[in-house]
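Colleague: with the sequence up front, the predicted model follows.
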Amino acid sequence: MTDSIAGIILAGGRSRRMGEDKSLMRLAGSPLVARVTARLAAQSGRLALNANGDPQRYEFLGLPIVADTTGDFAGPLAGILAGLRWAGGAGFRRAATVATDTPFFPIDLVEQLERATQDEDMIAVARCGGRAHPVFALWPTDCAPAVDAFLQSGQKASVLGFIERQRHVFVDFELIITSRGPLDPFFNINTPAELAEAEQIAAELDQ
């Protein structure tokens, strides 16, 4: 566990392809968000959840709930901004972000991201098989004003687009070998079919 780094779980999306709040859908008997919370809690200090709408639906987690401040569902970068502001206000210099719909992310994610940074002002971004996963990143909390300015600039609110304008490093993670074939640990769930696939993966990996 890296106690000096805050953890931020991003659950602020609208789950349009799932048809309901996917963060609360069950995987292997537990809500997705609870599984992700436990996975990140083992790797970081204090946690917060970025979510919009009624915060009481997440009361069972016992976490601070931070909503987007930009309005109009501006995407994950708005959630990252909210999380960075919370983490900075809580005294953290760095924060790691993960998505609530990605239940198999590496158990050493934060450690590897931290190890790859030259200093606390650099953003470290997860990558697997040549594909970047920019919401899985380690951020300096004092870049929050730059994120805000980027969101207000009228440019596309792309997480990777922002990162590419900052000092950053990509960190490569290995595929997970399963009986179904190689699995990107950043496999995310957007549809009922992907949730069913995740159930089969979890049944194997949780053994």
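Modeller: Nice, thanks for sending it over. Residues are numbered from 1 along each chain as shown.
Colleague: shaky segments in the protein?
Modeller: 1, 13-20, 71-73, 207 (pLDDT under 70).
Colleague: select the longest strand from it.
Modeller: strand 131-140 (DSSP state E).
Colleague: which parts of stretch 125-142 are buried?
Modeller: 125-128, 132-141 (16 or more other C-beta atoms under 10 Å). All C-beta atoms are positioned from the backbone trio N, CA, C, and that covers glycine.
Colleague: closest to residue 87 among those residues?
Modeller: Nearest to residue 87 among these: residue 141, at 4.9 Å, using C-beta to C-beta.
Colleague: so that closest one sits against residue 93, correct?
Modeller: Yes - the criterion here is C-beta atoms under 8 Å, and residue 141 meets it with residue 93 at 5.9 Å.
Colleague: ok, now which ones touch the residue lying closest to residue 25 once chain neighbours are set aside?
Modeller: Leaving aside its chain neighbours, residue 25 sits nearest to residue 32 (5.7 Å; criterion: C-beta to C-beta, 6 or more residues apart in numbering). Residues in contact with residue 32 (C-beta atoms under 8 Å, 6 or more residues apart in numbering) are 22, 23, 24, 25, 26, 100, 101, 103, 189.
Colleague: buried only: go through the residues you listed for me.
Modeller: For the contacts of residue 32, buried by 16+ other C-beta under 10 Å: 22, 23, 24, 25, 100, 101, 103, 189.
Colleague: quick one: strands adjacent to whichever strand or helix holds residue 48?
Modeller: Assigned by DSSP states H and E, residue 48 belongs to strand 47-50. Applying DSSP bridges to the sheet, strand 47-50 is found paired with strand 5-10 (parallel), strand 65-66 (parallel).
Colleague: just to revisit the earlier point, which ones among the contacts of residue 32 are found in strands?
Modeller: Going by DSSP E, the strands hold residue 26 from the contacts of residue 32.
Colleague: hang on, the earlier thing: want to try CSV for the strands paired with strand 47-50, with distance to residue 44 and mean neighbour count as columns?
Modeller: Below are these laid out as CSV (distance: least, C-beta to C-beta, whole Å; neighbours: other C-beta atoms under 10 Å):
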stretch, distance to residue 44, mean neighbour count
strand 5-10, 4, 27
strand 65-66, 15, 22
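Colleague: out of the ones you listed, flag the one nearest residue 169.
Modeller: Between the strands paired with strand 47-50, strand 5-10 lies closest to residue 169; by C-beta to C-beta that is 15.8 Å.
Colleague: quick one: distance of that closest one to the chain centre.
Modeller: Averaging C-alpha positions (C-alpha atoms, centre = their mean, to the nearest Å) puts strand 5-10 7 Å from its chain's average.
Colleague: out of the buried residues of stretch 125-142, the closest to residue 10 would be?
Modeller: Nearest to residue 10 among the buried residues of stretch 125-142, with distances taken as C-beta to C-beta, is residue 135, at 5.9 Å.
Colleague: quick one: the helices in this structure?
Modeller: 32-41, 76-89, 109-116, 144-152, 159-163, 192-205 (DSSP state H).
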